[in-house]
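Trainee: Generate a structure from the sequence data that follows.
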Amino acid sequence: MSIDDLSKIRNIGIAAHIDAGKTTVTERILYYAGKTYKMGEVHEGTAVMDFDPEEQQRGITIHAAATTLPWKGATINLIDTPGHVDFTIEVERSLRVLDGAVVVFCGVGGVEAQSETVWRQADRYGVPRLAFINKLDRVGADWDRVLHEIRTHLHKGATPVQLPIGLGADFCGVVDLVRMRAFYYRNDLGTQVDETPIPPPLREAAVAAREELIGKAGEFDDRLMEKYVHGQDVTVEDLKAGIRKGCIRREIIPVLAGSALKNKGIQLLMDAVCDYLPSPLDRGVVMGHEMTKRGEYKDVEIKPDPEGAFVGLLFKISADAHGDLHWVRIYRGTIQTGTRLLNPGRDTKENVQRIWRMHAEERIREEEASAGDIVALIGLKDSVTGDTLCDTHHPVVLEKIGIPRTVISMAIEPRTADDRQRLGEVLKILAREDPTFEYRVDPETSQTIIAGMGELHLEVLKNRMLRDFKLEARVGRPRVAYRETIRGPAEAEGRFIRQSGGHGQYGVVEIKVEPRPSGDLEAEPITFVTKIKGGVIPEEFIAHVERGVREAAAAGIATGYPLIDIIVTLVDGKYHEVDSSEIAFEAAGSIALKQAVEQAGVRLLEPIMRLQVVAPNEYFGDITADLMSRRAEIRETELKGTTRVITATVPLASMFGYSTTVRSLTQGRATYSMEPSHYAVVPDEVARALLE
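Mentor: Numbering: from 1, shown residues only. Model prediction:
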């Protein structure tokens, strides 16, 4: 692949709040690009990208699905991501490797809870975006209100490049502000499009909107600004160049209009993807860490060069009967079938046996892949999500993917002895696929506990065990994943001294623990700091002290729930030249933490959820009264026409079965979404009941 070819690649994702129309947009893109001969429909279970039986049954996207398609000389690598918060890791790891994104908004619902979540995720990885206001054919669609919400809640640089022609049942096309032409959709398939002058009733609004667009784009293009200031004609190419520069710098969010279900506006959206979103070359260098000859890492810039030493990031694993698919974004270099790669984070080498380009569940065999590509590899054995793969002679480590903590768990019991043996194998496969799925064996009850991001997440995983792996098992009721933290600072000494006939074991450490104000669900549970000086404890043993501390914290000290939000400082210690060992210092670190936490005192933390309920205004009182009984705090209420949007924070423990309650309160007319927000201290009376 040449540098010129790289400039024609667009690696994009489709992201949005649940039910905003992401998958429908993707299905239309596939149809107009010639990848499918018939449009799939989510509500009929025929969507190409929702190929999993669980997705077809529920009518939602659960797994991120990838495809590659051509459009007007460009190659678009597209990932359709889930909207439900329980599967937020699919959005997180997709945005980590993408160069651009299309964020879809409902023309009626506007900016919703998960819209803000995916926007923050895109901000975290610096991803340029387009905004597509969808469903403008629906009753109650309001272009101006949704645009205002995007500007006030998400990004003040949201700037229309189109205007809708009509709304609701009257929506029939769009005005392109760049070309100053109107596009009318004349048939149901959206393939017969008439390009006409802008109708007189819309002319004045279009001229004003274009003036605003030129002024905004001119801030990032001197030539465009000069023409604008001197009253010269601004060409289509001039304006596109300015919008593109502003979009790549994430200062402009081009806003487009359409209705995916009614096949309006999709071709223009695809044009905008090619015109405004960046290629791998536009995103420029990616920062990595390169190992020096002294064994240290230094910052290094990784340029998107197909001829350079290979660097790629493994961002997703899919279990498959013919060998696990390892999805990799290639940042530099080229690989062929049979290439041997290094995983520097695990100090292992991997062989690439097959290279596949994915189209939903279909695979297309490739002999090589280069910088800018997103492909699936077969043959990797030890690599997991977030690992870097690189040339064996040029070790480089890329930034990992942020993985949120689990907030809900339940027990699972195999029915037979054979199922007990298989359960462990199945859990390993699921955990390798999904970093937000965890499992452990409770030391007191010997039960297997599985944990995830929500009730739906665990239910989908349970169904996979029963359906795909034919595992017979009983599952308990979901329960909240509480956490422990400490009440105050404390110091303790951990001593692990054993003497036997030969070499003994000797490790002594002294630590200080103190609370760390956080509650952040994505923060590291423990901050470990060392203040050891003068070789009191040799350098090679300090890492094992940290391991002992972290393992003890993960197992819980007082209640069995993991310990979080503390700073552990290693302040002193002793070692023996003959008897000291890694095992001894690991055990000493564990003992010291347990003693320090017992001195400091323990308090329980519970996950707090951010809840958004959308319901007809007449049910406002009933909904808020019910929420108050669940220990909720109402943060905001907003009236949108006849609909009330209630935003609240509420303990997860109070929300089991809420879907049934809210349906009965509103005669089935309310919807809600819920996502993890933070951890908070459990009230004393609730904590006493839990401990009892």
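Trainee: in the stretch 301-450 of the chain, which spans are strands?
Mentor: 311-318, 325-332, 334-336, 340-343, 348-351, 354-359, 362-366, 368-370, 374-378, 388-390, 396-398, 408-414, 438-441, 448-452 (DSSP state E, counting those that start in this stretch).
Trainee: would you list those strands in JSON lines and tack on distance to Leu224 and mean neighbour count?
Mentor: The C-beta positions use only the backbone N, C-alpha and C, and glycine is treated the same way. Formatted as JSON lines, the strands of the stretch 301-450 of the chain follow (distance: least, Cβ to Cβ, whole Å; neighbours: other Cβ atoms under 10 Å):
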{"stretch": "strand 311-318", "distance to Leu224": "36", "mean neighbour count": "24"}
{"stretch": "strand 325-332", "distance to Leu224": "31", "mean neighbour count": "25"}
{"stretch": "strand 334-336", "distance to Leu224": "37", "mean neighbour count": "17"}
{"stretch": "strand 340-343", "distance to Leu224": "44", "mean neighbour count": "19"}
{"stretch": "strand 348-351", "distance to Leu224": "48", "mean neighbour count": "16"}
{"stretch": "strand 354-359", "distance to Leu224": "38", "mean neighbour count": "19"}
{"stretch": "strand 362-366", "distance to Leu224": "40", "mean neighbour count": "13"}
{"stretch": "strand 368-370", "distance to Leu224": "33", "mean neighbour count": "21"}
{"stretch": "strand 374-378", "distance to Leu224": "33", "mean neighbour count": "24"}
{"stretch": "strand 388-390", "distance to Leu224": "40", "mean neighbour count": "26"}
{"stretch": "strand 396-398", "distance to Leu224": "35", "mean neighbour count": "23"}
{"stretch": "strand 408-414", "distance to Leu224": "52", "mean neighbour count": "19"}
{"stretch": "strand 438-441", "distance to Leu224": "52", "mean neighbour count": "15"}
{"stretch": "strand 448-452", "distance to Leu224": "49", "mean neighbour count": "22"}
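Trainee: Export these to a markdown table and append columns for mean pLDDT.
Mentor: Shown next, in a markdown table, are those (pLDDT from 0 to 100):
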| stretch | mean pLDDT |
| --- | --- |
| strand 311-318 | 89 |
| strand 325-332 | 92 |
| strand 334-336 | 93 |
| strand 340-343 | 92 |
| strand 348-351 | 92 |
| strand 354-359 | 86 |
| strand 362-366 | 84 |
| strand 368-370 | 90 |
| strand 374-378 | 91 |
| strand 388-390 | 92 |
| strand 396-398 | 89 |
| strand 408-414 | 83 |
| strand 438-441 | 82 |
| strand 448-452 | 84 |
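Trainee: Tell me where the model's unsure across the stretch 501-650 of the chain.
Mentor: Residues of the stretch 501-650 of the chain meeting the criterion pLDDT under 70: 501-502, 519-521.
Trainee: quick one: the strands in it?
Mentor: 505-515, 526-530, 566-574, 602-616, 633-640, 643-651.
Trainee: For the spatially most central residue of the chain, which three-state class applies?
Mentor: Per Cα atoms, centre = their mean, the C-alpha nearest to the average position across the chain is that of Glu92, at 1.7 Å. Following DSSP: H, G, I helix; E, B strand; the rest coil, Glu92 is assigned to helix.
Trainee: Contact partners for the spatially closest residue to it that is not a sequence neighbour?
Mentor: If you skip the residues right next to it in sequence, Glu92 has Gln121 as its closest partner in space, 5.6 Å away by Cβ to Cβ, 6 or more residues apart in numbering. By Cβ atoms under 8 Å, 6 or more residues apart in numbering, the residues touching Gln121 are 15, 88, 91-92, 95.
Trainee: Top of those by number of neighbours, please.
Mentor: Taking other Cβ atoms under 10 Å as the neighbour criterion, Ala15 ranks highest of the contacts of Gln121 with 31 neighbours.
Trainee: What values do phi and psi take at that residue?
Mentor: Main-chain torsions, Ala15, degrees, to the nearest 10: phi -140, psi 150.
Trainee: need the strands of the stretch 501-650 of the chain in a markdown table with mean neighbour count, can you?
Mentor: Listed next are the strands of the stretch 501-650 of the chain as a markdown table, based on neighbours: other Cβ atoms under 10 Å:
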| stretch | mean neighbour count |
| --- | --- |
| strand 505-515 | 22 |
| strand 526-530 | 17 |
| strand 566-574 | 20 |
| strand 602-616 | 21 |
| strand 633-640 | 13 |
| strand 643-651 | 19 |
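Trainee: The ones you listed: which one's closest to Asp233?
Mentor: Closest to Asp233 of the strands of the stretch 501-650 of the chain, according to Cβ to Cβ: strand 633-640, at 41.0 Å.
Trainee: which residues make contact with that closest one from outside it?
Mentor: Against strand 633-640 from outside (Cβ under 8 Å, 6+ apart): 110, 145, 617, 620, 624, 627-628, 644-650.
Trainee: where does the residue nearest to Arg440 when sequence neighbours are not counted sit relative to Asp305, distance-wise?
Mentor: Closest residue to Arg440 apart from its sequence neighbours, by Cβ to Cβ, 6+ apart: Ile449 at 5.5 Å. Distance of Ile449 to Asp305, computed by Cβ to Cβ, to the nearest Å: 47 Å.
Trainee: sorry, back to before: spatially, which two of the contacts of strand 633-640 are the most separated?
Mentor: Largest separation among the contacts of strand 633-640 by Cβ to Cβ: Arg145 and Met628, giving 28.9 Å.
Trainee: re earlier: list the contacts of the residue nearest to the centre of the chain.
Mentor: 121, 401-404.
Trainee: show me where pLDDT drops low in the stretch 201-350 of the chain?
Mentor: Using pLDDT under 70, the stretch 201-350 of the chain drops low at 291-297, 321-322.
Trainee: Flag every buried residue along the strand or helix carrying Ala66.
Mentor: Ala66 is part of strand 65-71, with elements assigned from DSSP states H and E. Across strand 65-71, burial judged by 16 or more other Cβ atoms under 10 Å covers 65-69, 71.
Trainee: Least confident of these?
Mentor: By pLDDT, Ala65 ranks lowest within the buried residues of strand 65-71, coming in at 80.
Trainee: For that one, give the beta-bridge partners.
Mentor: Asp80 (DSSP bridges).
Trainee: I'd say it and Pro82 touch.
Mentor: No - using Cβ atoms under 8 Å, Ala65 makes no contact with Pro82, being 9.7 Å away.
Trainee: what touches both of these two?
Mentor: By Cβ under 8 Å, 6+ apart, no residue touches both Ala65 and Pro82.
Trainee: And the contacts of stretch 148-161?
Mentor: Contact with stretch 148-161 is made by 105, 110-111, 115-116, 119, 131, 147, 176-178, 209, 212-213, 216-217, 243, 246, 250-257, 272, as judged by Cβ under 8 Å, 6+ apart.
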